[in-house]
Structure formats: C-alpha cells, structure tokens
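Visitor: no sequence on this one, just coordinates:
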C-alpha cells in the first residue's frame, strides 16, 4: 500500500485497463464487430417421408429473407457488461444463403421459377451470454402459390453452449444451431405437410397469398406471429 501511495504521489500509477475485459480478467477481450459464420453444426435436416410425398411433383422458389429486427447489425449481448455483440455481415444475406442451402439439401425441389414461393421474415437473431451462450432465432415462414391461401407460421429455435467468454466462435455456434433448429421445425411441421397435400386449410393465422414480387421493406410493420412453436 505504501508503495502504491508513493507511486500515486509521483503520478506513476496507471488507470486500470478494464475497458475491454469483463471485471478485469473475468473473461476474454470483448470483440469488435465480426463476420457471421456457419459454425459447429454438422448435420442437416431432411424432409420426413410424409413431407417428401407431399412435396413430390411440386417446385419451390425461396426468396430473400427480410430482416425485421430494429437493429440489423446487433446479434447479441454480454449480460455482465451489457456490451452488444455486432456483426460486419449482412444478416439477411447470410441467413438467406444458409436456409436456401438447407432446404435444397433436405430434398425440397428448389427452382428459380416454381409453383410455390417460400418467404421468410427474421424476427430474432440473438445470443445472450451469461453462464452460457443462449442462442435465440425466430423466423416467420410463408408458403403460397398465386391464387391460393398461404401457409404461415413462426418457428422459434433455441440453442445453448459454453466455452471461452466473449468468443465470436461460440456466438456463431449458438446462432447456427438455433437457425438449424428453426429450419428443421419448418421442414418437419405436419401442418406444412397437410397444406402441401391440400388437406384441410392453412395454418390458423394464414392469410391470402400476397401478390408475386418482392416482400415489403424492412421498415414496414411485421405481421403478428402465427403461434410460435419451440423445438
């Protein structure tokens, strides 16, 4: 203590370097904005047998996902410091590319010009870091063909992992797993299979099919989710 007092009197004590760490050494450095990556996810969902039969003879076109979030670059928060994790990637482009690839790999017949259109609205894409990395992704999917009622449903994907604090790799892993959960729910939804079979009607909150063309801009008010479903 006497040494510190003497150093302070002579102006040689430096301010604590805690601005970029949690509680002065309680974790890794808080990262600057970083790119998104599909990480830590090796498997990919396939259509169920019923889904394959329902999709047989039909073709599907997947449009660009519209990002409905208020802050398009924010992808998470460290709960201890309230530091916001941000990305340099375009989240809409990243999720569109990955979801389109998963849908094609699942066995869903995908074409640029098709009978059915699949649209997606990104409602949540977020990681909360506390004791673990908690991923939360929510997407509203809409499937329709011109002149017919549309199927519409919101799916909620959750994922949890742990590892080095403030790690972009762990954040990307939680987001990737949560997104995969969302797409898996969509592909395995019995309501979607029933819709494609032409049985009954669309999902409870489905509305008339929108006219072909680009989806509304991200500034438009989002539609009310049609009953979130958690895996």
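Guide: Nice, I can see it. Since this is a predicted model, take the numbers as computed values, not measurements.
Visitor: longest strand anywhere in the chain?
Guide: strand 116-129 (DSSP state E).
Visitor: mind listing what's buried in that strand?
Guide: Across strand 116-129, burial judged by 16 or more other C-beta atoms under 10 Å covers 116-127, 129. Placement of C-beta: from N, CA and C, glycine included.
Visitor: which other helices and strands contact the helix or strand just after that strand?
Guide: Sequence-wise, the next helix or strand downstream of strand 116-129 (DSSP states H and E) is strand 133-144. On a contact count with 3 or more C-beta pairs under 8 Å, 6 or more residues apart in numbering; DSSP states H and E, strand 133-144 meets strand 116-129, strand 151-161, helix 168-188, helix 190-197.
Visitor: out of these, nearest to residue 56?
Guide: helix 190-197 (9.3 Å; C-beta to C-beta).
Visitor: how close does residue 142 sit to residue 161?
Guide: 30 Å (C-beta to C-beta, to the nearest Å).
Visitor: compare those two (neighbour count), which wins?
Guide: Counted by other C-beta atoms under 10 Å, residue 142 and residue 161 do not tie: residue 142 has more neighbours, with 24 against 17.
Visitor: low-confidence bits of the protein, can you list those?
Guide: For the chain, the stretches flagged by pLDDT under 70 are 1-27, 200-231.
Visitor: now with 80?
Guide: In the predicted model, the chain carries pLDDT under 80 at residues 1-28, 200-231.
Visitor: got the helices and strands packed on strand 133-144 as JSON lines, with distance to residue 109 columns?
Guide: Output for the helices and strands packed on strand 133-144, formatted as JSON lines (distance: least, C-beta to C-beta, whole Å):
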{"stretch": "strand 116-129", "distance to residue 109": "9"}
{"stretch": "strand 151-161", "distance to residue 109": "17"}
{"stretch": "helix 168-188", "distance to residue 109": "13"}
{"stretch": "helix 190-197", "distance to residue 109": "11"}
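Visitor: out of the ones you listed, which comes closest to residue 110?
Guide: Each of those has some distance to residue 110 by C-beta to C-beta; the shortest is strand 116-129, at 8.8 Å.
Visitor: walk me through which strands that closest one pairs with, and which way each runs.
Guide: Strand pairing for strand 116-129, determined by DSSP bridges: strand 60-62 (parallel), strand 66-67 (parallel), strand 74-78 (parallel), strand 133-144 (antiparallel).
Visitor: buried stuff in stretch 66-77?
Guide: In stretch 66-77, counting by 16+ other C-beta under 10 Å, buried: 66-69, 72, 74-77.
Visitor: now swap in stretch 138-157 and tell me
Guide: So, applying 16+ other C-beta under 10 Å, buried residues of stretch 138-157: 138-144, 150-157.
Visitor: can you check stretch 185-201 too?
Guide: By 16+ other C-beta under 10 Å, the buried positions in stretch 185-201 come out as 185-189, 191-196.
Visitor: then stretch 51-60?
Guide: In stretch 51-60, counting by 16+ other C-beta under 10 Å, buried: 51, 54-55, 60.
Visitor: pick the one among those residues closest to residue 91.
Guide: Nearest to residue 91 among those, with distances taken as C-beta to C-beta, is residue 60, at 22.7 Å.
Visitor: how about the contacts made by the closest residue to that closest one other than its chain neighbours?
Guide: With C-beta to C-beta, 6 or more residues apart in numbering as the criterion, residue 60 has its nearest non-adjacent residue at 4.8 Å, and that residue is residue 116. Applying C-beta atoms under 8 Å, 6 or more residues apart in numbering, we find residue 116 in contact with 58-61, 143-145.
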